[in-house]
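Undergrad: Predicted model and sequence follow; I will ask about them next.
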Amino acid sequence: MAALPFPLPTNPLPSLYTPRKLHNSSTYFASLNQIAGNVQISYKSYLNQISSLCKQGHLPEALDLVTDLELADITIGPDVYGELLQGCVYERALSLGQQIHGRILKNGEYIAKNEYIETKLVIFYSKCDESETANRLFDKLQVQNEFSWAAIMGLKSRMRFNEEALMGFREMHEYGLILDNFVIPIALKASGALRWIGFGKSVHGYVVKMGLGVCIYVASSLLDMYGKCGLCGDAKKVFDKIPEKNIVAWNSMIVSFTQNGRNAEAIETFYEMRVEGVAPTQVTLSSFLSASANLGVIVEGKQGHALAVLSGLELTNILGSSLINFYSKVGLVENAELVFSEMLEKDTVTWNLLVSGYVHNGLVDRALGLCHVMQSENLRFDSVTLASIMAAAADSRNLKLGKEGHSFCVRNNLESDVAVASSIIDMYAKCENLECARRVFNAMIKRDLIMWNTLLAAYAEQGHSGETLKLFYQMQLEGLPPNVISWNSVILGLLNKGEVDKAKDMFMEMQSLGICPNLITWTTLICGLAQNGLGDEAFLTFQSMEEAGIKPNSLSISSLLSACSTMASLPHGRAIHCYITRRELSVSTPVLCSLVNMYAKCGSINQAKRVFDMILKKELPVYNAMISGYALHGQAAEALSLFRRLKEEYIKPDEITFTSILSACSHAGLVREGLELFIDMVSNHKIVAQAEHYGCLVSILSRSHNLDEALRLILGMPFEPDAFIFGSLLTACREHPDFELKEHLFERLLKLEPDNSGNYVALSNAYAATGMWDEALKVRGLMKERSLRKIPGHSLIQIGNKTHVFFAGDKSHSRTKEIYMTLALLRMEMQSTRCISVIS
DNA sequence: ATAGGGTTAG
């Protein structure tokens, strides 16, 4: 016998491989006894040594011992090979395991046909994800026991062949094998992945019947399955019944909440876990960070980061990515960059996240810069990042970025991804390039509901109700039933086209088909009614919405407030303001802006100022709203002083600010200020002048009797004049006696916007301003003929050098004779007759 | 057994 490299233990321990419970194979015990009978004591010691070496991962050393035994001519039993294979399973040591497999085959059928060894081999190949070998061996098995079944099902589940895994589960049951606490988690995982809640629930029933619920593996799998199926309530019930929750149970609960959008509950559960004194892991913290990011809660997320550092957790891909995601979602880009630089290992997701983070925070240049770095390091951004880049391009109407992204997709074959394609379609639509959007849509082979909805929304937004409906029916012909979002788009398209009755019909029809209108449906309808001049109906609808138990969120509140502005209805606006206060709804910046806007547009500039003053931390949009309010009220001095205050607080004005301030100057006839501001905008702020800015300039110039100068300016513009510019010109030359000029402008306007009632109003006002009442009335008649409705609202009326603003139902100005005249004009706008009588 | 990023409606 060869010398041993270490002394033998004097009191050898019993064999380490005790059969797992539920094992009932008789051949297994037979082979064990056979070996035990004719083996010397040293065999057991060797087995012990081999076993402990295997457990510590010293597989080559263990193999050396086996060689020693072979050289000593000692018959090696299945137990030794079993230990070795188990070691290979722990280490996922494929090639070593294959060597051992070879030795087993060499040693003849006695070992190779042993059930225990056969099973172990199936387990080994399964764990190493060697599907083919594992399945081949499994099919050749003499006895397919619970162990081999569990291994094969685990393999199928890892390969995401979830249906197959569940079929196996069923088959096992049919063969009368016991479904133990090892296979049940696999079956539950597969049901969760497939969202087969029915199957999952029946497994739950079995678990209860067999009393397997006490097993923590089974319980946490159950909880995970319910979470994956979107049933957080059931997940919570399972969770609450677990007497001693381990970290996996806690994590699964937190993950379930996060993945179902119940972020607040995820955070709450995390705190409960902290109270219990359970130490968080990476899984805990990445989910917690995800929840914090979704809620935009900075303090919590930072606590998570601190805790990760305190717990000494490594900054792995997943934890680091979660941190980057959190910091960029809450706007702390520098922190995201810091984490990124601290990470030792980075994968595509990490890079992509920082790119998306930049895009999300409007740092498009930095995002593109990072994309270049990625490319130079031969890393590719994948479909997920591209989808978010395209969404950003869509939001910022950045066609250039969008096209760059699109061509990248084409070059890298990413456009076949439905999510990417949808975001490309949306980008083209938002950049008012419907043809390109349509082309991308048509080129797709596979189209999902979201993609159809994207295109529907694109046509609806532009008021192409006919095309929207066509698509709506086409998708149904292709077997895709529309959902609420599809219906919402159809209704929006009709409302944008002014087809109110059809929109209302659709609203009824969707309900009769069992599609429940959601918050957006209601808001769309309410705003559409308001925009089509049906204010009272809009408010009745708002009441119906409340009765239906739908609570407005901050976005729908903003929409409702702008509906009030459209109607110029102060009472309705006040009602909503009260509603906000009464319900103690959170007042976000957009809501505050809409409030300021609403009060200004409904004629109550003082109330607007009061809301403005109440805002503690004033951001640019709030300033913009207030400045535009002053502009509307002709209070140019106040607008200018607010503009100065903005600069004092180092807030950078944007193009919207300049639009408002320029229009204030134009209404007040401040020529010098207006021109200076225009130059400030272009040269200091590097803002490219848009049609609105030129429009204001035109009206400034023409009001200072520089109509010729204005016309020259338009000819020198870098783009074609749009409807806004013609509109400004028409308004600007109101008092100009040139009848033909007005008609010409009107014709150009109608070509651009045939259905805009505002153009008719502008022309009739222009006629009226020079006393051409008959012509003014004729235009009104034409409007009626074409069944265009005048939208009630404020009116800007030029008298002499000054612009006056009037609001529907506003009596506060009706003092002077001048005012009387303008009120008459206003009446005329509203009713188109009776104007003469008011004047007299 | 548990873990990170995306696309549609106002």
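TA: Arrived safely, thanks for sending.

Undergrad: can you pull the pLDDT of A:Ser26?
TA: Confidence at A:Ser26, expressed as pLDDT, is 41.

Undergrad: Point out where the stretch 201-350 of chain A drops to low pLDDT.
TA: Scanning the stretch 201-350 of chain A for pLDDT under 70 picks out no residues.

Undergrad: Up against DNA strand B, what does it have?
TA: Residues of the stretch 201-350 of chain A that fall close to DNA strand B, judged by C-beta under 7 Å from any atom of the strand: A:216-217, A:220-221, A:224, A:246-249, A:251-252, A:255, A:258-259, A:281-283, A:286-287, A:290, A:316-322, A:325, A:347-350. (Each C-beta comes from the backbone N, C-alpha and C, glycine too.)

Undergrad: out of those residues, which are inside strands?
TA: Using DSSP state E, no member of these falls in strands.

Undergrad: What's the PyMOL syntax to select whichever of these are buried?
TA: The buried subset of those, as determined by 16 or more other C-beta atoms under 10 Å, is captured in PyMOL by this line:
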select buried, chain A and resi 216+217+220+221+224+248+249+251+252+255+258+259+281+282+283+286+287+290+316+317+319+320+321+322+325+349+350
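
Undergrad: Which ones among the residues of the stretch 201-350 of chain A next to DNA strand B map onto helices?
TA: Of the positions in these, A:216-217, A:220-221, A:224, A:247-249, A:251-252, A:255, A:258-259, A:282-283, A:286-287, A:290, A:317-322, A:325, A:348-350 sit in helices, assigned by DSSP state H.

Undergrad: and the most centrally placed residue in chain A, what does it touch?
TA: Centroid-nearest residue in chain A, with C-alpha atoms, centre = their mean: A:Ser388, separated by 9.0 Å. Contacts of A:Ser388 were listed using C-beta atoms under 8 Å, 6 or more residues apart in numbering, and they are A:355-356, A:359-360, A:423.

Undergrad: quick one, strands of chain A?
TA: Along chain A, counting by DSSP E, strands occupy A:795-799, A:802-806.

Undergrad: A:His372 and A:Val761, how far apart?
TA: Counting by C-beta to C-beta, to the nearest Å, the gap between A:His372 and A:Val761 amounts to 51 Å.

Undergrad: Which one of the two is surrounded by more residues?
TA: Comparing A:His372 with A:Val761 by other C-beta atoms under 10 Å, the one with more neighbours is A:Val761, at 19 against 9.

Undergrad: on that earlier part again, mind giving me JSON lines with the contacts of A:Ser388 and columns for neighbour count, pLDDT and distance to DNA strand B?
TA: Below are the contacts of A:Ser388 laid out as JSON lines (neighbours: other C-beta atoms under 10 Å; pLDDT from 0 to 100; distance: C-beta to the nearest atom of the strand, whole Å):
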{"residue": "A:Val355", "neighbour count": "25", "pLDDT": "88", "distance to DNA strand B": "9"}
{"residue": "A:Ser356", "neighbour count": "24", "pLDDT": "87", "distance to DNA strand B": "6"}
{"residue": "A:Val359", "neighbour count": "27", "pLDDT": "83", "distance to DNA strand B": "10"}
{"residue": "A:His360", "neighbour count": "20", "pLDDT": "83", "distance to DNA strand B": "9"}
{"residue": "A:Ser423", "neighbour count": "27", "pLDDT": "95", "distance to DNA strand B": "4"}
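
Undergrad: out of these, which are inside helices?
TA: Those of the contacts of A:Ser388 lying in helices (DSSP H): A:355-356, A:359-360, A:423.

Undergrad: Nearest to A:Ser683, out of those: which one, please.
TA: Within those, proximity to A:Ser683 (C-beta to C-beta) peaks at A:Val359, which comes in at 28.5 Å.

Undergrad: How about the closest one, nearest residue that isn't a chain neighbour?
TA: Take A:Val359 and drop its neighbours on the chain: the residue closest to it by C-beta to C-beta, 6 or more residues apart in numbering is A:Ala392, 4.0 Å away.

Undergrad: hang on, that neighbour packs against A:Gly402?
TA: No. The criterion here is C-beta atoms under 8 Å, and A:Ala392 misses it with A:Gly402 at 9.1 Å.

Undergrad: Looking at the contacts of A:Ser388, which is nearest A:Ser148?
TA: A:Ser148 has its nearest neighbour among those in A:Ser356, at 44.6 Å by C-beta to C-beta.

Undergrad: for A:Pro552, phi and psi?
TA: Backbone dihedrals for A:Pro552, given as degrees, to the nearest 10, come out at phi -70, psi 140.

Undergrad: Cheers, nothing more for now.
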